[in-house]
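Enquirer: Coordinates for the following, if possible.
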Amino acid sequence: MEFIKFKESLFKSGLLFCIAVGAWGCKESTILGTDVSGGVNGIGVLTTDTFTVHTELTRIDSVQTNQTPYRVMLGNIDDDPDLGSVWGGAYLQVVPPKEQFEFTGNQVGVDSVVLAMGYQGVYGDTTGTDNQQFKVYRLNQRMIVDSSYYSTSTFPADRSTNLCVSAPVNLRILKDSVEINGKKEGPQMRLKLSNSLGNDLINAGSAVYLNSSTFLDWFKGLYIEPDTNSGKGMVSLGIIPSSSFLGETRMIVYYHNDTSTGLSAEFRYKNETCRYSNYFSRTYKNEVNNMLANAAGTNDSVMYITTAPGLSTYVTFPYLKNFPVSVINDAELVITQVNNLVSTAYGPCPRIIGYYVDSTGKESEMFDYSEGLNYLGGVLSNVTIGGNNTVQYKLRISREIQKAIAYNAPTYPLKIRITGYDKNSDGYPLYWGGYRVKAGGGGSLSPQTKIKLVVTYNKI
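Expert: Got it, this is the predicted structure:
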């Protein structure tokens, strides 16, 4: 879709509507309430929040995960009482330190093998310990370096042998730095792997270590998954370093030879030759499943919003076509979390964002996004409504509303998908599939939490 960048002066002057008025007549809105009054922000400036807003839950199951920022979410949330369960596993390739690699010396023997993954953060119930058991398997199929992989992608693995021999990992203490052989290292999750894998690597032979490709033909990669019978959180782990994150993933073979001890070889992920993928599985509560099964066009009483992969909500404005010809000064969607959550242990999205959806279902960034995130808003704020503490989001869609009115809503319907946004200073997602918001939808009977569209405008 071609993006048209509206300039501020164009909005202020109303030149757009000088063109639009010639194409279609002015029609007084039937959706303005009796509370509309002039002079709110100046002469002739009106404000209304009595639009009909329609919300419909949708599921975004498949997102590409083998891309920047090279992070994965591992772990299991076995029962979020408001949403359901979710767990994440990771497919990962690593290669030797160099081509024609050799373990040093004679009579080489393995001491231990560790999969070390750089710690980025934890999402979930942080009220206590969260000991999670992980399993690690060798892949039976090589991933292709120039292929795209998604949160639904799976690869066959040798499940007859679990290589992980670590005790359960407490996700809550991974944020602390660690000392390895007298050297302090950054926070990481370390899974001890079977020495049998180390023996296989030591005895593989020179043909295997000729280059990265020959190695990956033999050692196709690893699959890491949590035990899904328990768990209250998921941990974000780095694959390669970035500008704001120095951690990375390494498979380290500690070994000795006939003359030396304390030797090690680190097998790393290299973007030129390796691939990774983050798999997710969700099981929703009955309320969510019932909403997803509703007939198209149902105006849901509740909005669910998570970061992808997960749940999003479509927002439409069925009577926007009746709005009078106007210059839109400001338009904000106000989304408020319901105050009857079963649990507040699983945090809401730090930010939400919207995408314009055209009549074919194709998505694009909203016009308002061109002004930057500060203009767009959508940031979580803590509010008190009716004596109840809750969270609220105000997402600016001024340019989308202006565009819809200018092009006449019957032939240019406005549809926006609201989803969670958790990008960090890199501009990349921190927690795939984390966070959740349960807010009042268009069909809500609660005036305190029902979604609202607040528009400030000048009639022409």
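Enquirer: Strands along the stretch 51-200 of the chain, start to end?
Expert: Using DSSP state E, counting those that start in this stretch, the strands found in the stretch 51-200 of the chain span residues 54-60, 71-80, 84-92, 109-124, 131-132, 134-138, 169-170, 178-180, 183-185, 188-193.
Enquirer: Using PDB, write out the CA atom coordinates for stretch 136-145.
Expert: This file holds the C-alpha atoms of stretch 136-145, laid out as PDB (Å, rounded to 0.1, in the frame of the first residue of the first chain):
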ATOM      1  CA  VAL A 136      17.100 -31.000  24.800                       C
ATOM      2  CA  TYR A 137      17.000 -33.200  21.700                       C
ATOM      3  CA  ARG A 138      19.100 -33.500  18.600                       C
ATOM      4  CA  LEU A 139      17.400 -32.500  15.400                       C
ATOM      5  CA  ASN A 140      16.900 -35.100  12.600                       C
ATOM      6  CA  GLN A 141      16.400 -32.400  10.000                       C
ATOM      7  CA  ARG A 142      18.700 -29.500   9.100                       C
ATOM      8  CA  MET A 143      17.200 -26.000   8.900                       C
ATOM      9  CA  ILE A 144      17.900 -24.100   5.800                       C
ATOM     10  CA  VAL A 145      19.900 -20.900   6.200                       C
END
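Enquirer: so how far is it off the chain centroid?
Expert: Centroid separation for stretch 136-145 versus its chain: 24 Å, with Cα atoms, centre = their mean, to the nearest Å.
Enquirer: what residues does that stretch touch?
Expert: Stretch 136-145 is contacted from outside by 91, 93, 115, 149, 155-159, 161-164, 191, 193, 197, 216-217, 219-224, 272-277, using Cβ atoms under 8 Å, 6 or more residues apart in numbering. Every residue, glycine included, has its C-beta placed from N, CA and C.
Enquirer: domains for the protein, by residue range?
Expert: Domains of the chain are assigned by automatic domain parsing as 8-61+285-459, 71-274.
Enquirer: Make TSV out of those and add mean pLDDT and mean neighbour count.
Expert: Below are the domains of the chain laid out as TSV (pLDDT from 0 to 100; neighbours: other Cβ atoms under 10 Å):
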stretch	mean pLDDT	mean neighbour count
domain 8-61+285-459	81	18
domain 71-274	93	18
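Enquirer: Filter the contacts of stretch 136-145 down to the ones in helices?
Expert: Counted as lying in helices by DSSP state H, out of the contacts of stretch 136-145, are 197, 216-217.
Enquirer: what sits against Y355?
Expert: Applying Cβ under 8 Å, 6+ apart to Y355 gives the contacts 363-366, 416-417, 419.
Enquirer: tell me which residues form a beta bridge with it?
Expert: Bridge pairing for Y355 (DSSP bridges) gives the partners E365, R417.
Enquirer: Can you tell me which of the ones in helices among the contacts of stretch 136-145 comes closest to N257?
Expert: Using Cβ to Cβ, L197 is the member of those that sits closest to N257, with 18.6 Å.
Enquirer: ok, now which ones touch that closest one?
Expert: Counting by Cβ under 8 Å, 6+ apart, L197 makes contact with 113, 138, 163.
Enquirer: before we move on, what about S277?
Expert: By Cβ under 8 Å, 6+ apart, the contact list for S277 reads 65-66, 90-91, 143, 149-150, 153, 155.
Enquirer: quick one, what contacts L311?
Expert: Taking Cβ under 8 Å, 6+ apart, we find L311 in contact with 57-60, 83, 288, 304-305, 436.
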